[in-house]
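Novice: Just a sequence and a predicted model for now, questions to come.
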Amino acid sequence: MDPSGGCPHASNARLLDRGAVTAVILPGEVEGMAVLGHDALKEFLAHPDVAKDARHFSALQEGAIADGWPLKTFATVQGMTTADGADHRRLRSLVSKAFTVRRVEELRPRVEALTASLLDGLDRAADAGGGVADLRTHFALPLPMGVICELLGVGAEHHDRLHHLSNRIVATDIAPAEAVAANREMVEVLSAAAAARMESPGDDLISALIAAREADGDRLGPHELIGTLMLMVIAGHETTLNLITNAVRALCTHRDQLDLVLSGRASWADVVEETLRWDSPVSYFPFRYPTRDLTLDGTVIPKGTPVLAGYSAAGRDEKAHGPDAGRFDVTRGGGTRHLSLGHGAHYCLGAPLARMESTIALAQLFARHPRLDLAVPEAELPRHASFVGNSVRALPVRLHG
């Protein structure tokens, strides 16, 4: 795997030509595997003999993984993404009430108001920049970060720092000392936010998680609390940030598809689902581990191997999505047939919120600026330095074409 990231689609296509499952070398010369094909990935994500708990990660348990390994947090953070069975159900139940369809709908007026306010800020940034502004910085980032931090009860003074630290934690080209420092600081910031809510509880998720812990001491330990908050901050804004960014890029480079939506022949929900399939905001997500030697699509994945879920590859798998899988087509149909928000017990808890934020963001953005376009050629946009996240680091646009 290339730790510097970049656009994954060309290499994904080459790998898919060879099969749905492939061996990979992770940073630090760690041996792993990736599941790329749609059908194989769907089977793998829900397989009863596949675990998320790093107790099943053979190389880690044997002491072969160094501190500061850039992917270690994905394996060792204590929370829903590294729990199985009853532990996973317990942790998921504690936060699921914040992400029900009803609760998400209650947030709609707030998301609409925040979106309108951020568009005003984007307009001001463009005026100051000669008609050009970075849509990612001024719009796609602060929307999901603002919403998730408001849900959690994290003050606005922490938003920029938490985004920077999230970026460092998901980076795959980071040096060991930097990785350790980023994780340590993230824990410090979230611990401070939790301490503030212990002193002054509010109508927010951190307060609810603390109350649940205090009511039944064995339900949520301190490491699980911070791990859960870290997961929610990173997953709660990075994925939607990439989704909005990738959708705008796709529409700007496929004006015919934008015209279909603006003319009412397709919906913003169609755009969101096709973006999730065609340019998944997460490319390769770490990790799952077979609890026995597992044969998948004719390939053996040895017990204890760290396995990446190849969402960006599965989204363009021609065996599942047809010979034109590489084409962005908002009229494709098939709805949520993609796997970009997961599958099985670990299906993304925040999926309803991500979809709502993205559809509102796109509808308001293009209602105000239907001629919006990229200010530089797409090939010149700087990519994420990670094979986990799939997007660009900046999205300069001209609001008036």
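Specialist: Yep, it's here.

Novice: would you list every one of the helices in the stretch 101-250 of the chain?
Specialist: Secondary structure of the stretch 101-250 of the chain (DSSP state H, counting those that start in this stretch): helices at 101-128, 135, 142-152, 159-170, 176-199, 205-215, 222-253.

Novice: which stretch among the ones you listed comes nearest Leu308?
Specialist: Nearest of these to Leu308, taken as Cβ to Cβ: helix 159-170 at 13.3 Å. Every C-beta, even on glycine, is put in place using the N, C-alpha and C of the backbone.

Novice: Can you name the residues in contact with the closest one?
Specialist: The contact list for helix 159-170, computed with Cβ atoms under 8 Å, 6 or more residues apart in numbering, reads 73, 141-142, 145-146, 149, 154, 174, 178-179, 182-183, 185-186, 189, 230, 233-234, 237-238, 386, 388-389.

Novice: Distance from the chain centre to that helix, please.
Specialist: Here the centre of helix 159-170 is set off from its chain's centre by 13 Å, with Cα atoms, centre = their mean, to the nearest Å.

Novice: Take the helices of the stretch 101-250 of the chain and write them to a markdown table, including mean pLDDT.
Specialist: Below are the helices of the stretch 101-250 of the chain laid out as a markdown table (pLDDT from 0 to 100):
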| stretch | mean pLDDT |
| --- | --- |
| helix 101-128 | 94 |
| helix 135 | 98 |
| helix 142-152 | 91 |
| helix 159-170 | 87 |
| helix 176-199 | 90 |
| helix 205-215 | 78 |
| helix 222-253 | 92 |
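
Novice: nearest to Ser11, of the ones you listed?
Specialist: helix 222-253 (17.6 Å).

Novice: Show the subsequent helix or strand relative to that closest one.
Specialist: helix 255-262 (DSSP states H and E).

Novice: Please indicate which of the contacts of helix 159-170 are buried?
Specialist: 73, 141-142, 145-146, 149, 154, 174, 179, 182-183, 185-186, 189, 230, 233-234, 237-238, 386, 388-389 (16 or more other Cβ atoms under 10 Å).

Novice: which regions of the stretch 201-350 of the chain lie under the pLDDT threshold?
Specialist: For the stretch 201-350 of the chain, applying pLDDT under 70 flags the ranges 213-219, 334-336.

Novice: how about a cut-off of 80?
Specialist: The stretch 201-350 of the chain contains residues with pLDDT under 80 at 212-221, 333-336.

Novice: returning to that earlier point: quick check: which of the helices of the stretch 101-250 of the chain has the most neighbours on average?
Specialist: Sort the helices of the stretch 101-250 of the chain by mean neighbour count, taking mean count of other Cβ atoms under 10 Å, and helix 135 sits at the top with a mean of 27.

Novice: any residues touching that helix, and which ones?
Specialist: Here helix 135 has contacts from Leu122, Thr245, Val248, Leu395, Pro396, Val397, using Cβ under 8 Å, 6+ apart.

Novice: Give me the neighbour count for the nearest residue to Gly37 once chain neighbours are set aside.
Specialist: Spatial nearest neighbour of Gly37, excluding adjacent residues (Cβ to Cβ, 6 or more residues apart in numbering): Ala20 at 2.7 Å. Look at Ala20: counted by other Cβ atoms under 10 Å, it has 26 neighbours.

Novice: so Ala20 sits right up against Asp39, yeah?
Specialist: Yes - shown here, Ala20 and Asp39 form a contact pair, counting by Cβ atoms under 8 Å, at 7.1 Å.

Novice: what residues do the two have in common as contacts?
Specialist: Common neighbours of Ala20 and Asp39 (Cβ under 8 Å, 6+ apart) are Asp297, Asp317.

Novice: surely Phe387 meets Phe74?
Specialist: No - between Phe387 and Phe74 there is no contact under Cβ under 8 Å: 11.9 Å.

Novice: The two: which has the busier surroundings?
Specialist: Using other Cβ under 10 Å, the more surrounded residue of Phe387 and Phe74 is Phe387, with 30 against 20.

Novice: And the more buried one, how close does it get to Ala34?
Specialist: To Ala34, Phe387 is 10 Å away according to Cβ to Cβ, to the nearest Å.

Novice: where do the contact lists of those two overlap?
Specialist: Residues touching both Phe387 and Ala34 (Cβ under 8 Å, 6+ apart): Met1, Tyr284.

Novice: Skipping its backbone neighbours, what lies nearest the residue nearest the centre of the chain in space?
Specialist: Centroid-nearest residue in the chain: Thr239, 2.8 Å away (criterion: Cα atoms, centre = their mean). What sits nearest to Thr239 in space, not counting adjacent residues and going by Cβ to Cβ, 6+ apart, is Pro281, at 4.9 Å.

Novice: about what we covered before: compare the helices of the stretch 101-250 of the chain and give me the one nearest Phe44.
Specialist: So among these, helix 222-253 is nearest, using Cβ to Cβ, at 19.8 Å.

Novice: Helix 159-170 and that closest one, what's the angle between them?
Specialist: Interaxial angle of helix 222-253 relative to helix 159-170 (axes from the mean of the first three to the mean of the last three Cα atoms, to 10 degrees): 90 degrees.

Novice: Now do helix 222-253 and helix 176-199, the angle between them.
Specialist: On the basis of the same axes, to 10 degrees, helix 222-253 is oriented at 110 degrees to helix 176-199.

Novice: chain center to helix 222-253: distance?
Specialist: Counting by Cα atoms, centre = their mean, helix 222-253 comes out at 4 Å from the chain centroid.

Novice: what's the answer for stretch 363-381, then?
Specialist: The gap between where stretch 363-381 is centred and where its chain is centred comes out at 22 Å by Cα atoms, centre = their mean.

Novice: buried set for it?
Specialist: Result for stretch 363-381 [16+ other Cβ under 10 Å]: buried residues Ala363, Gln364, Leu365, Phe366, His369, Leu372, Asp373, Leu374, Ala375, Leu381.

Novice: before we move on, what about stretch 329-347?
Specialist: For stretch 329-347, burial by neighbour count (16+ other Cβ under 10 Å) applies to Asp329, Val330, Arg332, His338, Leu339, Ser340, Leu341, Gly342, His343, His346.
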